[in-house]
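J.: Everything below, folded, please.
(one chain, ligands or ions: 2)
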Amino acid sequence: MAKLSDSITVLKGIGPAKAKAFENLNIFTLRDLICHFPRGYEDRTRLVTIDKLEVDKPACFRAMVMNHPRTNHIRKGLDLTKVQVADHTARLNLTFFNNRYAGDALQYGKEYIFYGAVSGDFIGYNMTNPVFETLDSAPVTTRRVLPVYPLTAGLNNASVLKAVRQALAICDPPAEIIPEAVRRQYGILPAERAYYAIHEPGSMEEAELAKQRLVFEEFFVFSAGLSLLRASRAGKQTAPYENVELQSFYGALPFQLTGAQKRAIEEIRADVTKGAPMNRLVQGDVGSGKTMVAAAAAYLAAQNHRQAALMAPTEILAEQHYQSLSKLFEPLGLRVALLTGSMKEKEKRSIREAIALGMVDLAVGTHALLSGTTVFNDLGMVIADEQHRFGVAQRSKLSAKGADPHVLVMSATPIPRTLALIMYGDLDVSILDELPPGRQAVDTFLVGESYRARINAFIRKQVSEGHQCFVVCPAVEENEELGIKSAEVWAETLQKTVFPDLKVLLLHGQMKGTEKEAVMAAFASGAGDVLVATTVIEVGVDVPNATLMVIEDADRFGLSQLHQLRGRVGRGSSKSYCILTSHNRNAETLQRLKALCKTTDGFKIAEEDLKLRGPGDFFGSRQSGLPAFRVADLSYDLQTLKDAQAASAQWIDLSGTADTPEAIALRERIGDLFHRAEGTMN
Ligand code: ADP
Ligand code: MG
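T.: Ligands and ions are numbered 1, 2, ... in the order given. Next up is the predicted model:
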């Protein structure tokens, strides 16, 4: 018997070259091979008569060869073999291209099982290149459900099939990890049967059952992992905060908090008095006021002489948080510092010193805050803003910075519930489902190039009323090939030809950190009328005086991204607008963009986006922090996800520490999963 961890080169027929090809599919071991699941199946079980064959619908049929196959050499590289077959219902002409084997193998007067599709043309029915087997041979290419595998150069379906079949013959499939009681309750196949049946199903129904089991298994491992993580955190102790009075904090705010903000803050306040580290997610649509919730958390830490760190995904956003929070906190006697990667070394060093000495209450920054050289005196609260790209492993890295600090993760809402469960299943959740009063919905329009003059006039109108405008372009530099607008070129055009009398600013991700800050600060202070930018302004940027957002080539962006961008306007009390431009005439694209014009509900948009683009693309980034599922599809397998979550929670309660073979195997799998996640996160 071989082991799952053995290299696939133990299999017959897999030498160095084949092994290389398999490596391209990330297949190194027998386990990888057995977990290389088919992407679909061809049902070749149905046997029909020739008269029942339908055009372009491949099927199996049994027929007798009615003449000696004739091979004609048409030209160099093209041999045609023709033969006629028949059953009791009809005759059919078969044609094989460059298939000497067919000509030799098919014998006049003998019966075979064929599989192929007829094509109808004016000469009557014909079939090209069917596969065939003799009646007494074991079914390999006919009379079965044939798995169809993801392939790569140098590997065809038959060779993958053969390798998998061999692997299953010489080693046991992955061990059972789901207890029998759970399997019975949810009606799912045992591991062993599922791993065989996914590769060699007796019927389409069995293939489906096997798939369901494996989807369940993936979710089960992941949910159980999150539950264990949560349980291990729950065992941790931390000194409860004693000063949880927030009156002077509330008193310092320039506005009344919304009910939702108050609720979230209360939940945080309750967490920090419990004596265990908080792990909370605040989900709130753009503009729902998450920053103030973060501020309250930082304030609670400071009142208890613990330091807080607020991490933002971009320097612009870090800078902005620093501005608004130091304004809020300095009158209250809290010391706020900014630390970003692009600051001068000397400056960074002195700020790090202050942080290490405990002379900073709240450190605001980018991921530079996480780097090894930043040492906190007593870090008690870690807040990650807009970190929907954060994975489980990265969150545990955050906690490791202090002695089990409280962790608060903030994310713009539009994460469909399903994805939130997967990404944040180990967190408690507060939802900001209310916008500050006085907000008006942003009117959104989709227009083509013929509206250009009107768009420009509208920009001018907003500016003449004392407001500011964003113009977002998909690219930084000119790119002839794609024919999309670049921020650099478009900013120059607007400044020189369209609005010579207005002040046009440019902002993009390839600018230096200090330059970006300067531009952003200038625009925020009103020193610019139009800001032409790339998606660097996507997250968090807050300029309440901006009332118009023009998004050029809007079809280049995902819906959730467009929603985020649109969230940059409508943040003050004035009526705001969003104009999407697109040359794209594709009906589906237009429908997608129109969906955005119709609703401002981030949840609805997110669900729509998920449906259209799938979870992988959801955040417009491969680094979504989402685990890679092999069989499960988050947009379709919702019910299974829920079942697996319920089952794993139950399992943790009943036998999380038991030493049954299933429990041991499951803990091993969870270890692998998080280890793998950690490896890909950095
Ligand atoms: P987001 O949830 O997108 O991070 P912000 O925290 O940036 O939202 O808040 C958006 C804007 O709303 C900011 O200008 C902020 O000062 C303002 N704001 C936040 N809470 C309130 C409130 N309760 N009443 C009025 N304005 C608020
Ligand atoms: Mg924000």
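
J.: In the protein, where is pLDDT below threshold?
T.: Counting by pLDDT under 70, the chain contains low-confidence ranges at 121-124, 386-400, 413-423, 479-482, 538-540, 610-636, 638, 654-657, 674-682.

J.: Determine the longest helix present in it.
T.: Secondary structure of the chain read by DSSP state H shows that its longest helix is helix 204-234.

J.: Against which helices or strands is that one packed?
T.: Identification of packing neighbours for helix 204-234 by 3 or more CB pairs under 8 Å, 6 or more residues apart in numbering; DSSP states H and E yields strand 40-43, strand 145-148, helix 191-199, helix 392-400, helix 638-655, helix 661-680. Backbone N, C-alpha and C define where each C-beta goes, glycine included.

J.: Which positions in it come out as buried?
T.: When burial is assessed from 16 or more other CB atoms under 10 Å, helix 204-234 yields the following buried residues: 206-207, 209-230, 233.

J.: if we can go back for a sec, among the helices and strands packed on helix 204-234, show me which one is buried the most.
T.: Mean neighbour count (mean count of other CB atoms under 10 Å) peaks for helix 191-199 among the helices and strands packed on helix 204-234, with a mean of 21.

J.: How far off centre is stretch 231-244?
T.: The gap between where stretch 231-244 is centred and where its chain is centred comes out at 32 Å by CA atoms, centre = their mean, to the nearest Å.

J.: CA atoms of stretch 290-298 as CSV?
T.: Listed next in CSV are the C-alpha coordinates belonging to stretch 290-298 (Å, rounded to 0.1, in the frame of the first residue of the first chain):
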residue,chain,number,x,y,z
LYS,A,290,-17.4,53.4,11.4
THR,A,291,-14.5,55.7,12.3
MET,A,292,-16.3,57.0,15.4
VAL,A,293,-16.9,53.5,16.6
ALA,A,294,-13.2,52.8,16.2
ALA,A,295,-12.5,56.1,18.0
ALA,A,296,-14.7,54.9,20.9
ALA,A,297,-12.7,51.7,21.1
ALA,A,298,-9.4,53.6,21.1
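
J.: Looking at the record's assignment, how would you partition this protein?
T.: Here the domain parsing of the chain from automatic domain parsing is 46-143, 173-235+639-677, 275-432, 442-599.

J.: Look up the closest residue to M1, ignoring the ones flanking it.
T.: For M1, ignoring the flanking residues on the chain, the nearest one in space by CB to CB, 6 or more residues apart in numbering is C171 at 6.0 Å.

J.: Correct me if wrong: the one you found contacts I8.
T.: No: between C171 and I8 no contact is recorded; they are 11.0 Å apart, counting by CB atoms under 8 Å.

J.: what is in contact with these two at once?
T.: L30 (CB atoms under 8 Å, 6 or more residues apart in numbering).

J.: for this protein, longest strand please?
T.: The strand of greatest length in the chain, counted in residues with DSSP state E as the criterion, is given as strand 78-86.

J.: Distance-wise, check G513 relative to ligand 2.
T.: In this structure, G513 lies at 19 Å from ligand 2, with CB to the ion, to the nearest Å as the measure.

J.: what's the answer for L339, then?
T.: L339 is 19 Å from ligand 2, where distance means CB to the ion.

J.: My read is that that residue contacts A368, right?
T.: Yes: shown here, L339 and A368 form a contact pair, counting by CB under 8 Å, at 5.6 Å.

J.: so what sits against both of the two?
T.: The contact sets of L339 and A368 overlap at K348, T374 (CB under 8 Å, 6+ apart).

J.: who has more neighbours, the two?
T.: For the pair L339 and A368, the greater number of neighbours falls to L339 (24 against 19), based on other CB atoms under 10 Å.

J.: what's that one in contact with, if anything?
T.: Listed by CB under 8 Å, 6+ apart, the contact set of L339 reads K348, I351, R352, I355, A363, V364, G365, T366, A368, L369, T374.

J.: and the third one, which of the three is it?
T.: Taking DSSP: H, G, I helix; E, B strand; the rest coil as the rule, one finds R352 in the helix state.

J.: out of everything not next to it in sequence, what's closest to it?
T.: Nearest residue to R352 in three dimensions, chain neighbours excluded: T374, at 5.6 Å (CB to CB, 6+ apart).

J.: can you count the residues close to that neighbour?
T.: T374 has 19 neighbouring residues, counting by other CB under 10 Å.

J.: That's all I had, so thanks and see you.
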